[in-house]
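Undergrad: Pasted the sequence and its predicted model underneath.
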Amino acid sequence: MIARIRGNSKIEGEITVGGAKNSSLPILASLVLISEEIKIEKIPDISDVSEMISMIRSAGIAVNFEKNTVSARPSNLKGEIREFGSSIRASILLLGPLAVRTGHAELRYPGGCLIGKRSIDIHIEGLKKLGISVNEKNDMIEAVFDKVPEDVRIDLRFPSVGATEHLMMTSVLLNGIHTEIRNCAKEPEIVDLGKFLNSMGAKISGVGTDRISIDGVKKLNASVHSVIGDRIETGTYIIGALSSGGMLKINGISNNVMRNVTNELKKIGAKITASENALIVYPSDLRPFKLSTGPYPQFPTDLQPQMTLLACHVNGHSEITETVFEQRFGHVDELKKMGADISVDKNKIEVMPSKLHGAKLVGNDLRETATILFAAATADGPSEIEKFEIIFRGYENIYKKLKDIGIDFEILKIDREVS
Ligand code: EPZ
């Protein structure tokens, strides 16, 4: 798909963000653990969610998804899912829970954005401690639940978001077993997942800290849950508005989950006010900055490409260090095509003030495509973005939202197979 963006826009207006993609995906994966009907609200209508729903349906969960609400009912579960899952990273989260419930699981090797090696060694090491042996063959990954373990302690070598979620979900139904996971990730999406599991009767404590304890239960009960707002979608729009000097109101987001981002932006001069469930960004005089990404509560790597764009629009030399993914720099080449004065040395991006002009661009991963979309919207002259369809993976109602904030675009070409 090729999109043509007019350029010379000021990003301003009002939008409502959807539920968090990175909360919805683990929550949907955990539906293979249910024994009763479950309802989940504020699930965003994006293609990664559709892929995950296809996976859990293939595992035997009856899922109805309409108006951002998922209703799920259990039926006879099967552990082998061969036709879906290779396009998303979160598919790995099904491996442990399906192995515990059915004894054997087989999935496509997980996909996801090409921003680094994205190995799964931390997941596999933790599963082994939970009595699950894993082997990888060709593009499949297989897990067998060999034996119920004694009480378990897992020390993560890195606070991996996915591994923390995966091992928490896998421990929930180890009835009578106490599992302790240390050096956990603390992202708000993990807290949301823990809240959801506990609402069904799981016994999890410490979520949001670096030490999570789970006391396995026999079964989970019915529940209704509403997913938190998407802080990365919100941050993308905030940074887009700041880079164009527009005023933007964003509804549907709690300031609690945005605080580590908005505090960082306020430090460089951003004017942002917050009420209970909305944020307003005002035109701001921004100062050059030095920023490093890291596990929560450090600045999120998923907003690093967007901050690289913002650095082009501030008057002075800025420096951004990426510490989470070893190859999250694809957006730099695209911004350079637009005239950005950027250099990368190992994992440090140096940016000088740059006047961006339109260009022919290519999206490579989700947050990069969002970044070049906003770069094109405010650049001098039109741009074309190839592989624009990537944006549908994680940005809900993108057509309506872009129109609501004054970005003029048209779809030039739709490939036969829009993946
Ligand atoms: C989650 O990915 C998010 N995805 C990512 O968002 C986000 O960037 C990332 O967390 C960090 O916050 C979802 O939640 C679906 P990690 P995940 O495990 O779980 C290495 C987006 O744009 N690692 O915390 O894959 C890994 O290679 C996406 O929405 C291992 O080496 O992140 C990376 O360098 C992009 N071995 C680092 O740890 C492992 O077993 C962080 O990965 C696992 C991870």
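TA: Great, that's in hand. Numbers count the residues shown, from 1 in each chain.
Undergrad: The ligand contacts on the stretch 1-150 of the chain?
TA: The stretch 1-150 of the chain has residues 21-22, 25, 89-90, 113, 116-123 near the ligand, with proximity defined as CB under 6 Å from any ligand atom. In this view, the C-beta of every residue, glycine as well, is placed from N, C-alpha and C.
Undergrad: same thing with the stretch 151-300 of the chain?
TA: Residues of the stretch 151-300 of the chain lying close to the ligand by CB under 6 Å from any ligand atom are 158, 160-163, 185, 232.
Undergrad: Of the residues of the stretch 1-150 of the chain next to the ligand, select the buried ones using a PyMOL command.
TA: To isolate the buried ones among these in PyMOL, judged by 16 or more other CB atoms under 10 Å, type:
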select buried, resi 21+22+25+89+90+113+118+120+122+123
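Undergrad: Could I get the pLDDT score of Glu276?
TA: At Glu276, the pLDDT value in this model is 83.
Undergrad: ignore the last one, Cys113
TA: pLDDT recorded at Cys113 is 80.
Undergrad: quick one, helices of the stretch 151-300 of the chain?
TA: Listed in chain order, the helices of the stretch 151-300 of the chain (DSSP state H, counting those that start in this stretch) span 161-171, 188-199, 231-244, 255-267.
Undergrad: so who does the closest residue to Arg153 other than its chain neighbours touch?
TA: Spatial nearest neighbour of Arg153, chain neighbours left out: Glu180 (4.7 Å); criterion: CB to CB, 6 or more residues apart in numbering. Listed by CB atoms under 8 Å, 6 or more residues apart in numbering, the contact partners of Glu180 are 151-154, 211-214.
Undergrad: re the thing from before, what about burial for the residues of the stretch 151-300 of the chain next to the ligand, which qualify?
TA: Here, 16+ other CB under 10 Å leaves 160-163, 185, 232 buried among those.
Undergrad: What helix or strand is Val70 located in?
TA: strand 69-73 (DSSP states H and E).
Undergrad: What is that strand packed up against?
TA: strand 38-41, strand 62-66 (3 or more CB pairs under 8 Å, 6 or more residues apart in numbering; DSSP states H and E).
Undergrad: Residue of this protein closest to the ligand, please.
TA: Gly162 (2.7 Å; CB to the nearest ligand atom).
Undergrad: That residue contacts Asp121, doesn't it?
TA: No - judged on CB atoms under 8 Å, Gly162 makes no contact with Asp121 at a distance of 11.8 Å.
Undergrad: Domains in this protein, by residue range?
TA: 2-18+229-413, 21-226 (automatic domain parsing).
Undergrad: Just read off the phi/psi values of Leu31.
TA: phi -70, psi -10 (degrees, to the nearest 10).
Undergrad: Give me the below-cutoff pLDDT ranges for this structure.
TA: Residues of the chain meeting the criterion pLDDT under 70: 416-419.
Undergrad: Repeat the analysis, applying 90 as the threshold.
TA: Low-confidence regions of the chain, defined by pLDDT under 90, span residues 75-76, 82-89, 109-118, 136-139, 146-148, 275-276, 409, 413-419.
Undergrad: sorry, back to before: pull the most distant pair out of the residues of the stretch 1-150 of the chain next to the ligand.
TA: Of all pairs drawn from these, the one with the longest distance (CB to CB) is Lys21 and Asp121, at 24.3 Å.
Undergrad: For the helices and strands packed on strand 69-73, give me TSV that also has mean neighbour count.
TA: Output for the helices and strands packed on strand 69-73, formatted as TSV (neighbours: other CB atoms under 10 Å):
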stretch	mean neighbour count
strand 38-41	19
strand 62-66	13
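Undergrad: of those strands, which approaches Ala375 most closely?
TA: Of the helices and strands packed on strand 69-73, nearest to Ala375 by CB to CB is strand 62-66, at 32.8 Å.
Undergrad: Which secondary structure elements does the closest one sit against?
TA: Looks like strand 62-66 contacts helix 47-58, strand 69-73 (3+ CB pairs under 8 Å, 6+ apart).
Undergrad: now the angle from that strand to helix 47-58?
TA: Angle of strand 62-66 versus helix 47-58, following axes from the mean of the first three to the mean of the last three CA atoms, to 10 degrees, is 150 degrees.
Undergrad: Strand 62-66: how far from the chain's middle?
TA: Distance, stretch centre to chain centre, for strand 62-66: 22 Å (CA atoms, centre = their mean, to the nearest Å).
Undergrad: And stretch 3-22, by the same measure?
TA: 17 Å.
Undergrad: Please shift the residue numbers so they start at 102 in all later answers.
TA: All set: I'll call the first residue 102, so the last point we hit is now stretch 104-123.
Undergrad: Quick check: buried residues in that stretch?
TA: Neighbour counts over stretch 104-123 (16+ other CB under 10 Å) mark 104-108, 110-114, 116-123 as buried.
Undergrad: can you map out the strands along the stretch 102-251 of the chain?
TA: 103-106, 114-117, 139-142, 163-167, 170-174, 181-182, 205-209, 233-238, 241-246 (DSSP state E, counting those that start in this stretch).
Undergrad: Make CSV from those strands and add distance to Met439 to it.
TA: CSV is the format used below for the strands of the stretch 102-251 of the chain (distance: least, CB to CB, whole Å):
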stretch, distance to Met439
strand 103-106, 11
strand 114-117, 23
strand 139-142, 39
strand 163-167, 38
strand 170-174, 39
strand 181-182, 41
strand 205-209, 36
strand 233-238, 40
strand 241-246, 39
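Undergrad: looking at those, which is closest to Val452?
TA: For those, the distance to Val452 is smallest for strand 103-106, at 21.3 Å, taking CB to CB.
Undergrad: Which neighbours in the sheet does that closest one have, and how are they oriented?
TA: strand 484-487 (antiparallel), strand 510-514 (antiparallel) (DSSP bridges).
Undergrad: circling back: if you rank the contacts of Glu281 by neighbours, which is first?
TA: With neighbours taken as other CB atoms under 10 Å, the top of the contacts of Glu281 is Ile315, carrying 27 neighbours.
Undergrad: tell me the contacts of it?
TA: 269, 272-273, 275, 279-282, 303-305.
Undergrad: What count of nearby residues applies to the nearest residue to it once chain neighbours are set aside?
TA: Nearest residue to Ile315 in three dimensions, chain neighbours excluded: Ser272, at 4.1 Å (CB to CB, 6+ apart). The tally of other residues near Ser272 (other CB under 10 Å) stands at 31.
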